[in-house]
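In: I'd like to go over a predicted model; first the sequence, then the structure.
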Amino acid sequence: MAKTALVVGASGIVGGATADLLAANGWTVHGLARRPTDRPGVEPVAADLQDASATEAALRGIDPDAVFITTWLRQDSEAENIRVNAAMVRNLLDGLAKPTEPRHVALVTGLKHYLGPFEAYGKGTLPQTPFREEQGRLDVENFYYAQEDELFAAAARDGFTWSVHRPHTVIGLAVGNAMNMGTTLAVYATLCRETGRPFTFPGSAAQWSGLTDMTDAGQLAHHMMWAAETEAAHDAAFNVVNGDVFRWQWMWSRIAAWFGLDAAAFDGTVRPLEQQMKDDARLWHEIATREGLAEADLGRLASPWHTDADLGRPIEVVTDMSKSRRLGFTGYQPTDDAFFALFERLRAGRFIP
């Protein structure tokens, strides 16, 4: 019997990958976004989760077997992040009719659960790596914790099961996304090739030399579908990464070669992309016009501030996924292949030349 899903944030990196996967696996999929995009097999639902009454009206008549919450809105302070993003989860779960059959709700957060919010990111006393799910919350306000608390309260009230999914940096395709390292690096490489600038690693020596991991959007989508369909994975939080580890000093050369570049030597100096790319909007517009690209607005493709936050961390970051493995999740995605697949999609969609 076909299952029904509500994917919240269906126009984003994770939501789009999740909606596509569910549709391909025979689910009836409703894709909620403020401005829904056309996706094969996905019924669009337009709603602003900050508006409780409008959200309830948009959800009327939708009784999903599973809900996948993959969206958030960045604000100017962590206090505002907490207020806005907690309200969005609350409005969503309050707006759905109480389940008449078993329902599962999956929430995507991330490694800021362990590393701290933007205002205290990677600072203070942090848990040892690899990060494990049983490590407790940091003693600092964090909108991820506020989202979780809204989820837990609604689950206790309405009787649905839940899962929380904590990916590392996500690789995937979406335009206008606030956290988009893969596309940011593709744009940066294109600009370097265009101008002859050195393709220079922008981050810290710790990231350059230390081990790290990442999460492909497709891997995360498979993990959420698995959790929804696996009783043993209900009412639990999980780390989600690709399954490999790498050092940026190796990956940087791999990315450079894909774009026909030589990776510049790294001398340990942090050179943030936000500074390197701050005057490139006009140049990107010229490239896009000349090449007939699909997006001429650099700000809608690249998010250098977020890539800088990840690549500038002063600590090695690796993530343990044993909890999922013990319960039977076997998904694996080599991270270099995930980058290359994204670059191919960007080129095929005429987002990069």
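Out: Perfect, thanks for sending it.

In: list the buried ones in stretch 62-77?
Out: Going by neighbour count (16 or more other Cβ atoms under 10 Å), the buried part of stretch 62-77 is 62, 64-73. Every residue, glycine included, has its C-beta placed from N, CA and C.

In: now the residue minimising distance to the centre of the chain: phi and psi?
Out: Nearest to the mean C-alpha position of the chain, by Cα atoms, centre = their mean, lies V170 at 4.4 Å. Torsion angles at V170 (phi, psi; degrees, to the nearest 10) stand at phi -90, psi 130.

In: from G268, how far out is it?
Out: According to Cβ to Cβ, to the nearest Å, V170 stands 27 Å off from G268.

In: the residue nearest to A256 when sequence neighbours are not counted: neighbour count?
Out: Once flanking residues are discounted, A256 sits nearest to A263: 4.0 Å by Cβ to Cβ, 6 or more residues apart in numbering. For A263, the neighbour count with other Cβ atoms under 10 Å is 18.

In: ok, A263 - contacts?
Out: Contact analysis of A263 by Cβ atoms under 8 Å, 6 or more residues apart in numbering lists 199, 201, 252-253, 255-256.

In: can I get these in TSV including distance to G328?
Out: Output for the contacts of A263, formatted as TSV (distance: Cβ to Cβ, whole Å):
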residue	distance to G328
F199	41
F201	37
W252	35
S253	36
I255	33
A256	38
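
In: among these, which lie within strands?
Out: In strands, judged by DSSP state E, none of these are found.

In: how about CSV for these, with pLDDT, neighbour count and distance to L107 added?
Out: Output for these, formatted as CSV (pLDDT from 0 to 100; neighbours: other Cβ atoms under 10 Å; distance: Cβ to Cβ, whole Å):
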residue, pLDDT, neighbour count, distance to L107
F199, 98, 19, 37
F201, 98, 26, 33
W252, 98, 21, 33
S253, 98, 15, 36
I255, 98, 22, 31
A256, 98, 20, 36
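
In: quick one: contacts of the helix or strand where A153 lies?
Out: Secondary structure from DSSP states H and E places A153 in helix 143-158. Around helix 143-158, the neighbours that count as contacts under Cβ under 8 Å, 6+ apart are 69, 72, 78, 81-82, 85-86, 89-90, 93-94, 98-99, 103, 105, 107, 109-110, 112-113, 117, 137, 160-162, 164, 235, 237.

In: from the residues you listed, which ones fall inside helices?
Out: Using DSSP state H, the subset of the contacts of helix 143-158 located in helices is 78, 81-82, 85-86, 89-90, 93-94, 112-113.

In: by neighbours, which of those residues wins?
Out: Comparing the ones in helices among the contacts of helix 143-158 by number of neighbours (other Cβ under 10 Å), V89 comes first, having 25 neighbours.

In: hang on, the earlier thing: quick check: phi and psi at the residue nearest to A256.
Out: Taking degrees, to the nearest 10, you get phi -70, psi 130 for the backbone angles of A263.

In: so how far is D235 from it?
Out: Using Cβ to Cβ, A263 is found at 45 Å from D235.

In: next one: T129
Out: Computed as Cβ to Cβ, the T129 to D235 distance reads 26 Å.

In: check Y188 too.
Out: Y188 is 41 Å from D235, by Cβ to Cβ.

In: more neighbours: those two, which one.
Out: More neighbours surround Y188 than the other of Y188 and D235, with 23 against 14 (other Cβ under 10 Å).

In: does the more buried one really touch R271, like I thought?
Out: No: in terms of Cβ atoms under 8 Å, Y188 does not count as a neighbour of R271; the distance is 11.1 Å.

In: common neighbours of these two, please.
Out: If you check Y188 and R271 against Cβ under 8 Å, 6+ apart, no residue is contacted by both.

In: picking that back up, show me what contacts the residue nearest to the centre of the chain?
Out: 13-14, 179, 181, 214-217, 220.

In: and what of G299?
Out: A281.

In: CA-only coordinates of the strand or helix carrying it in PDB, if you can.
Out: For G299, the enclosing helix or strand under DSSP H and E is helix 298-301. Extracted in PDB, the C-alpha atoms of helix 298-301 (Å, rounded to 0.1, in the frame of the first residue of the first chain):
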ATOM      1  CA  LEU A 298      26.300  35.000  -7.500                       C
ATOM      2  CA  GLY A 299      24.600  35.400  -4.200                       C
ATOM      3  CA  ARG A 300      22.000  32.800  -5.100                       C
ATOM      4  CA  LEU A 301      24.600  30.200  -6.000                       C
END
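
In: heading C-terminal from it, find the next helix or strand.
Out: Taking DSSP H and E, what comes next after helix 298-301 is helix 304-311.

In: chain center to that next one: distance?
Out: Distance, stretch centre to chain centre, for helix 304-311: 13 Å (Cα atoms, centre = their mean, to the nearest Å).

In: after that helix comes which helix or strand?
Out: Using DSSP H and E, the helix or strand that follows helix 304-311 towards the C-terminus is helix 322-326.

In: got the buried residues for whichever helix or strand comes after that following helix?
Out: Where DSSP H and E defines the elements, the next helix or strand beyond helix 322-326 is helix 335-348. Within helix 335-348, the residues that count as buried by 16+ other Cβ under 10 Å are 335-336, 338-339, 341-343, 345-346.

In: pick the one among the ones in helices among the contacts of helix 143-158 closest to F246.
Out: K112 (21.1 Å; Cβ to Cβ).
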